[in-house]
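Novice: make a model of this:
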Amino acid sequence: MGIIVLIVVIALVIFGPGLWVQRVLARYSEPADRYAGTGAQLARHLLDRQGMENVTVERTKEGDHYDPQQKAVRLTDDKFDGKSLTAITVAAHEVGHAAQDRDSYAPLRLRTRLVQAGRGIEKIGAAVLMVSPFIGALTRTPQIGLLMFAAGFLTLGTSALIHLVTLPTEFDASFNRALPMLDKFGVLKRVDRPHAHRLLRAAALTYVSASLMSLLNIARWLAILRR
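Specialist: Next comes the predicted model:
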């Protein structure tokens, strides 16, 4: 019984934040025509008002995000064309990241460097993981186990580090950038402000579940190696 309770608790900790985020985003996606302009139009307006005319607003299928390399705010279809509270709030959050980039916000710069380095590290780690069993079978040396451990830790650890560094960046984008912008330019209906605050918290917590999943993967990897 104790093991079942422990499993339930771990599942809630790992998957709970992600489920809560999706629930909040879905809740405020209705009514779909809450605001006159779309998320893309609001993003363009906020960018222009803050001297970021060089940043583009683009449609994407890969999740709402800001690309610091391409200087682009990217929104999924429901945010790009949407007029709901969710659409405009998420758009403001991504513009918040653009403002961080403009201001050379240190955590965003660190995250960008880690993402760039992480791609190479993950490729190397994945390659080592693929070839290690074959090398081990040919050489029958115990050092191969250490090599696999190092590769797995590099691959999974880099992902976890990136997610953890992302957390302060997300909260800053929501509450030090997006919310003041929405207030300054009078975007929100008065009754929507507390709901927007909740949405911005959800936007900031998007990476929490990813961070927890990365840590869980590391724990699973260590458990496998101990067998």
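Novice: and Val115, what element?
Specialist: helix 106-139 (DSSP states H and E).
Novice: residue ranges with poor pLDDT in this structure?
Specialist: Where the chain drops to pLDDT under 70, the residues are 1-17, 117-157, 160, 207-227.
Novice: ranges for the strands of it?
Specialist: If DSSP state E is used as the criterion, the strands of the chain fall at 56-59, 65-67, 72-75.
Novice: using JSON lines, lay out these together with mean neighbour count.
Specialist: All C-beta atoms are positioned from the backbone trio N, CA, C, and that covers glycine. JSON lines is the format used below for the strands of the chain (neighbours: other CB atoms under 10 Å):
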{"stretch": "strand 56-59", "mean neighbour count": "16"}
{"stretch": "strand 65-67", "mean neighbour count": "19"}
{"stretch": "strand 72-75", "mean neighbour count": "23"}
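Novice: could the ones you listed be laid out in CSV, adding distance to Leu47?
Specialist: Below are the strands of the chain laid out as CSV (distance: least, CB to CB, whole Å):
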stretch, distance to Leu47
strand 56-59, 7
strand 65-67, 11
strand 72-75, 7
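Novice: hmm, Arg74 and His65 touching each other?
Specialist: Yes. The criterion here is CB atoms under 8 Å, and His65 meets it with Arg74 at 5.5 Å.
Novice: residues that sit against both of the two, list them.
Specialist: Counting by CB atoms under 8 Å, 6 or more residues apart in numbering, the contacts common to His65 and Arg74 are Glu94.
Novice: so Ser29 makes contact with Lys79?
Specialist: No. Checked against CB under 8 Å, the pair Ser29 and Lys79 is beyond contact range at 9.4 Å.
Novice: list residues touching both of the two?
Specialist: 86-87.
Novice: neighbour count winner among these two?
Specialist: The residue with more neighbours, out of Ser29 and Lys79, is Lys79; 28 against 17, by other CB atoms under 10 Å.
Novice: contacting residues around the residue nearest to that one when sequence neighbours are not counted?
Specialist: Counting by CB to CB, 6 or more residues apart in numbering, Lys79 lies nearest to Gly39, which is 4.2 Å off, once chain neighbours are set aside. Contacts for Gly39 (CB under 8 Å, 6+ apart) come out as 75, 79-83, 87-88, 90-91.
Novice: got a ChimeraX select line for the buried ones in those residues?
Specialist: The buried residues among the contacts of Gly39 can be selected in ChimeraX (16 or more other CB atoms under 10 Å) with this line:
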select :75,79,80,82,83,87,88,90,91
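Novice: now intersect the contacts of Gly39 with the helices, please.
Specialist: Among those, DSSP state H puts 79-80, 87-88, 90-91 in helices.
Novice: could you pull out the helices in this protein for me?
Specialist: Using DSSP H, helices in the chain cover 2-27, 39-49, 77-80, 85-102, 106-139, 143-171, 179-184, 193-204, 206-226.
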